[in-house]
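Q: The following comprises the amino acid sequence and a computationally predicted model.
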Amino acid sequence: MNNKKHIAILGSTGSIGTQALEVIAAHPQNFEVEILTAQNNADLLIAQAKKFKPNAVVIANDDHYNKVKEALRSDNVKVFAGESAVASVVEMDSIDLVLTALVGFSGLQPTIKAIEAGKNIALANKETLVVAGELITGLARQKGVNIFPVDSEHSAIFQCIVGEFHNPIEKIILTASGGPFRGKKKNELVSVTKAQALKHPNWSMGAKVTIDSATLMNKGLEVIEAKWLFGLKPGQIEVIVHPQSIIHSMVQFYDGSIKAQLGLPDMRLPIQFAMGFPERLKSDFPRFDFSKYPSLTFEQPDTETFRNLALAFEALDRGGNNPCVLNAANEIAVAEFLNQKLGFLEMTDVVAGCMDKVKFIARPSFEDYQQTDKETRIKAKEMIR
Ligand code: MG
């Protein structure tokens, strides 16, 4: 018998996926790779499959199917293709934990399928909870499934409340680095370039989340994610800018005591904590040294300049399908900014415009979310052209 956790990684070729495989490679006695999926990066998927020998791989873009199939012919790895295969492989009996490291709305359906199949989730795809937090958390409760956060802030909060599950939380304090444009005003942001926005001061991450960090939308999405993960009211969620990114977030309890989780910014730590829970596994990641950081500083977020954070609180307040609209509009806005079709500040205008224009649905079903996502993307594109 073996006690290894069998892991499915959805999005194994991205930033989170590749770091998760580093963690797995360092702990062969704890983990085994069961499934790997990738959108387009067939070459890296093939290399990962040859190294980790998963049961199966999925290439979502089926144009690459033959290439992957051919390359893995002699490796005894099953090869599937297409979006629907990503959503169905998570149901395999042999999987213990599904790491969802897909970007954007595309993470929603596979996550639902995995929960329905009773799999625990290590959630790196924050958009899933932003879009459909009520549906996802309700389903997880019903199926007795755990959702372990991978996002560093939510991992910090989770680490602070381990052992405190019966103690009421007064509030949580999400820390934000402030991104590359912290302290800048609107007139200085009109003409910032893609290259400038992609230079995050502390974290090395995928393009989507890096742009979201520069606009503070990332923190907005994380506020919504936190509400659902920890069952909080919007008034219990505070955001504070902490440029050094050493305190990853904090929890204030009913007695006024605050717990914080600290460490160097390194995504492997929250990934490893989510996959290893309840065990803390040994790591050789670089350690934090207080003598190198004589001051940890804090400031209020500038929501006049970075309106996205205020819009996220507003979407949370409106509820229903409004956070889904916020997310879809933002996905289009970020993609068009990266295509250099939209200015930095205009991303927020697209999101705000869509939040007002797309029809409100108070209690959306999964189909309503799909419809809202589709409709919002069309509206957002119309606003950009
Ligand atoms: Mg984060």
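A: Received, thanks.
Q: rest of the way, CA atoms for contacts and neighbours
A: Noted.
Q: Report the distance from the helix or strand hosting T348 to the chain centre.
A: According to DSSP states H and E, T348 maps onto helix 346-357. Relative to its chain's centre, helix 346-357 lies at 22 Å (C-alpha atoms, centre = their mean, to the nearest Å).
Q: Which residues of the stretch 201-350 of the chain lie near the ion?
A: Counting by C-alpha under 5 Å from the ion, no position of the stretch 201-350 of the chain is adjacent to the ion.
Q: Quick one: low-confidence residue ranges for this structure.
A: Residues of the chain meeting the criterion pLDDT under 70: 1-2.
Q: by how many degrees do the host helix or strand of L311 and helix 346-357 diverge?
A: In this structure, L311 sits in helix 307-318 according to DSSP H and E. Note on geometry: by axes from the mean of the first three to the mean of the last three C-alpha atoms, to 10 degrees, helix 307-318 and helix 346-357 are set 20 degrees apart in direction.
Q: Pull out the buried positions in helix 307-318.
A: Within helix 307-318, the residues scored as buried using 16 or more other C-alpha atoms under 10 Å are 307-316.
Q: okay, how far is it across stretch 102-115, tip to tip?
A: 16 Å (C-alpha to C-alpha, to the nearest Å).
Q: Actually, stretch 229-236.
A: 13 Å.
Q: And stretch 142-153, by the same measure?
A: End-to-end span of stretch 142-153 (C-alpha to C-alpha): 26 Å.
Q: how about the nearest residue to F337, chain neighbours excluded?
A: Spatial nearest neighbour of F337, excluding adjacent residues (C-alpha to C-alpha, 6 or more residues apart in numbering): G343 at 6.2 Å.
Q: quick revisit: which of the buried residues of helix 307-318 lies closest to the ion?
A: Each of the buried residues of helix 307-318 was checked against the ion using C-alpha to the ion; the closest is L309, at 13.7 Å.
Q: Could you tell me which residues make contact with the closest one?
A: 216-217, 219-220, 303 (C-alpha atoms under 8 Å, 6 or more residues apart in numbering).
Q: I'd like those residues as CSV, with distance to G11 and secondary structure appended.
A: Below are the contacts of L309 laid out as CSV (distance: C-alpha to C-alpha, whole Å; DSSP: H, G, I helix; E, B strand; the rest coil):
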residue, distance to G11, secondary structure
L216, 24, coil
M217, 22, helix
K219, 22, helix
G220, 23, helix
T303, 32, coil
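Q: Just name the closest of those residues to the ion, please.
A: Taking these together and measuring to the ion by C-alpha to the ion, the closest member is K219, at 7.2 Å.
Q: Surely that closest one touches S213?
A: Yes - taking C-alpha atoms under 8 Å as the definition, K219 is a contact partner of S213 at 7.0 Å.
Q: Please identify which helix or strand holds the residue in the chain sticking out farthest from the centre.
A: Going by C-alpha atoms, centre = their mean, the residue of the chain most distant from its centre is S74, 34.7 Å out. Per DSSP H and E, S74 falls between elements, in no helix or strand.
Q: Quick check: it vs I35, distance?
A: S74 is 17 Å from I35, by C-alpha to C-alpha.
Q: same deal with S283?
A: 24 Å.
Q: quick one, which of those two is more surrounded?
A: Legend: neighbour count by other C-alpha atoms under 10 Å for S283 and I35, higher for I35 (29 against 13).
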